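A.B. asks: Quick one: sequence and predicted model below, then my questions.
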Amino acid sequence: MASLQDQLLKAGLADKTSAKQARAEKRKKQKLKNKNKAAVVDEATLAAQEAAEAKKAKDRALNEARQKEVEKKSIAAQVKQLISVNRQSKGKGDTVLNFTHNNVVKRMYVTDDVHKLVTQGRLTVVSFEDGYELVPTPVADKIAQRDDSVIVYRADTAPEDQAASEEDDWYADYQIPDDLTW
């Protein structure tokens, strides 16, 4: 079968120049159509890629939030385990151990030996399940690495206290006479 253009040429209703011109216009229209189609495909592809990137970023952010939540729960479980395994007995004493927590003075009744250990810095007061417990100071250091807000009271020797004691000892090099009468 011959094309309509060939049939018109044979019938003499069209000439070769007009046929050539019609083919050229047809090709131009087809090219323009293909260019526009390619541009539309590129825009759609770009929009799809942008949507995919946005979804990936959102998923990444959600994943990080979940990971932080899991980490927080893990740290809380570690702290709870450290305290429950290493808590020391307070004893049934009459000695009052005063300490501050959230700018409020709290009291704990302990034995004299336990009070002495706390004031020497060998035991540390930590908050645990709506109360307070005593743990050894090395364990308190491990707890502080994970969550510092659990540590309530710690009687370590501070560098400021050492500096104050050094200022008070300026006279230590001088001999005190024995025959001093008052």
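C.D. replies: It's in. Residues are numbered from 1 along each chain as shown.
A.B. asks: what's the distance between Gln81 and Arg87?
C.D. replies: Distance of Gln81 to Arg87, given as C-beta to C-beta, to the nearest Å: 11 Å. Every C-beta, even on glycine, is put in place using the N, C-alpha and C of the backbone.
A.B. asks: Which one of the two is surrounded by more residues?
C.D. replies: Applying other C-beta atoms under 10 Å to Gln81 and Arg87 shows that Arg87 carries more neighbours, namely 15 against 10.
A.B. asks: residue contacts, the more buried one?
C.D. replies: By C-beta atoms under 8 Å, 6 or more residues apart in numbering, the residues touching Arg87 are 128, 133-135.
A.B. asks: Make a ChimeraX selection of whichever of those residues turn out to be buried.
C.D. replies: Those of the contacts of Arg87 that count as buried under 16 or more other C-beta atoms under 10 Å are selected in ChimeraX with:
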select :128,133,134,135
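A.B. asks: Can you add secondary structure and pLDDT and give the contacts of Arg87 back as JSON lines?
C.D. replies: Listed next are the contacts of Arg87 as JSON lines, based on DSSP: H, G, I helix; E, B strand; the rest coil; pLDDT from 0 to 100:
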{"residue": "Phe128", "secondary structure": "strand", "pLDDT": "88"}
{"residue": "Glu133", "secondary structure": "strand", "pLDDT": "91"}
{"residue": "Leu134", "secondary structure": "strand", "pLDDT": "92"}
{"residue": "Val135", "secondary structure": "strand", "pLDDT": "93"}
